[in-house]
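[1] I would like to see how this sequence folds:
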Amino acid sequence: MPPEHALLVIDMKGYSQIPEMHMAPTRARLDDIVSTLFTQSGISDVSTPEDAVKDRGDGAIYVLHARHTARLVDPFLANLSRALEQHARTRLADEPKLMLRASVHVGPLEPPAHRGDAVNDACRLIDSEPAYQAMAAAADHGLPLAAVVSDPVFRRAVRAGRTPTLQPHHFLPATARVNGKPEFEETCWVFVPGLVTAVIKPYLSGKAVEPGQGDRTARQRDANFDAGPAERGTSVRLRGRASGNARLIQVGRDYIVGSDRTRPQEPSE
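    Next comes the predicted model:
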């Protein structure tokens, strides 16, 4: 059996609508945020060799050692959400707002090229219906991040008690399907930092209401994520680093190489 790796995939909402002159700086800014948060989330062995750079357009795939699987869920996802909120508050007037979909998966990758179904599945998770529906819920409530966690990650990290601040009730089960990929149908778990699952559920069923209508509790923020970085003892500090590429990035010793996959067209936003 090939060695297992944890996978993080991120994809930026509305990237194709950003003016061309802002695309490279926006990608660089996102790279800065993610790189900083890896360290702050206890994922220290991050490597970005020059020959591992791969343009994915509006996102990136990160390949990590499997021991980081739980940290990618907690604290990384909450840290990422807070960093994106901080960016929204401090960005320049003409700087695009960063809103992301993310997926977290774990599975075997065959050396030395480290190809495997795990990469395909992680990318399909982020392109799945629940990921877009969760992003709609986040956007409607002014939140910058929607995440989809694979069932193996949920079982090994969340249900097993390896995520200190996140419990199973913070996640909503869904079935991940992708248009044009009838062979792909997997259980996944939706998580939007700052929203309780009762708010997200109508979006997954197609019965969402506009924010501000109905019960006021429908817009309740999860108390675990109301506290800012200071209250939670997490300081979000963002570094500057020049880069205009979206990347397929190795974290640890190995990285994936290969041709770009064919990606479905992003739904209109």
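[2] got the buried residues for stretch 150-157?
    For stretch 150-157, burial by neighbour count (16 or more other Cβ atoms under 10 Å) applies to 150, 152, 153, 154, 156, 157. From N, CA and C alone the C-beta is placed, and that goes for glycine too.
[3] Show me what the first one bridges to in the sheet.
    On the basis of DSSP bridges, residue 150 is bridged to residue 188.
[4] how much space between it and residue 176?
    Remark: distance between residue 150 and residue 176 (Cβ to Cβ, to the nearest Å) = 8 Å.
[5] between the buried residues of stretch 150-157, which is nearest residue 170?
    Relative to residue 170, the closest of these is residue 154; by Cβ to Cβ it sits at 10.6 Å.
[6] tell me the contacts of that closest one?
    Residues near residue 154 by Cβ atoms under 8 Å, 6 or more residues apart in numbering: 168, 171, 189.
[7] Residue 129 versus the first one, what's the distance?
    Taken as Cβ to Cβ, the spacing of residue 168 relative to residue 129 amounts to 22 Å.
[8] again, but for the second one
    Computed as Cβ to Cβ, the residue 171 to residue 129 distance reads 17 Å.
[9] and these two? which has more neighbours close in?
    With other Cβ atoms under 10 Å as the criterion, residue 171 and residue 129 differ in neighbour count, and residue 171 comes out ahead with 23 against 17.
[10] Tell me which stretches of the stretch 101-250 of the chain form strands.
    145-150, 172-178, 181-191, 248-250 (DSSP state E, counting those that start in this stretch).
[11] who touches the longest one?
    It refers to strand 181-191. Applying Cβ under 8 Å, 6+ apart, the external contacts of strand 181-191 come out as 73, 77, 121, 124-125, 128, 130-131, 133-134, 146-151, 153-154, 158, 166, 170-178, 197, 200, 204.
[12] I would like a PyMOL command selecting only the buried ones among these, please.
    What follows is the PyMOL syntax for the buried subset of those, where burial is set by 16+ other Cβ under 10 Å:
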select buried, resi 73+77+121+124+125+128+130+131+133+134+146+147+148+149+150+153+154+158+166+170+171+172+174+176+177+178+197+200+204
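[13] Okay, now the unreliable bits of the chain?
    Per-residue confidence of the chain (counting by pLDDT under 70) places the weak regions at 14-19, 21-23, 45-57, 112-114, 207-269.
[14] Which stretches in it count as helices?
    Secondary structure of the chain (DSSP state H): helices at 20-40, 69-73, 76-90, 117-126, 129-140, 151-153, 197-205, 223-226, 229-232.
[15] Go through the first one and flag the buried ones.
    Spelled out, it's helix 20-40. Of the residues in helix 20-40, those scored as buried under the neighbour-count criterion (16+ other Cβ under 10 Å) are 23, 26-38, 40.
[16] between it and helix 76-90, how big is the angle?
    Relative orientation of helix 20-40 and helix 76-90, computed by axes from the mean of the first three to the mean of the last three Cα atoms, to 10 degrees: 140 degrees.
[17] okay, the contacts of residue 154 in CSV with distance to residue 115 next?
    Conversion of the contacts of residue 154 to CSV gives the following (distance: Cβ to Cβ, whole Å):
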residue, distance to residue 115
168, 32
171, 29
189, 26
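[18] With respect to residue 84, which of those residues is nearest?
    Using Cβ to Cβ as the measure, the one of the contacts of residue 154 that approaches residue 84 most closely is residue 171, at 19.7 Å.
[19] That closest one: what's it in contact with?
    Counting by Cβ under 8 Å, 6+ apart, residue 171 makes contact with 149, 154, 158, 189, 190, 191, 197.
[20] Kindly recompute the last result at 10 Å.
    Residues in contact with residue 171, defined by Cβ atoms under 10 Å, 6 or more residues apart in numbering, are 73, 147-149, 154, 158-159, 163, 188-192, 197, 200.
[21] Repeat that for residue 80.
    Residues in contact with residue 80, defined by Cβ under 10 Å, 6+ apart, are 8, 10, 33-34, 37-38, 41, 72, 98, 100, 102, 144-145, 147, 193, 236.
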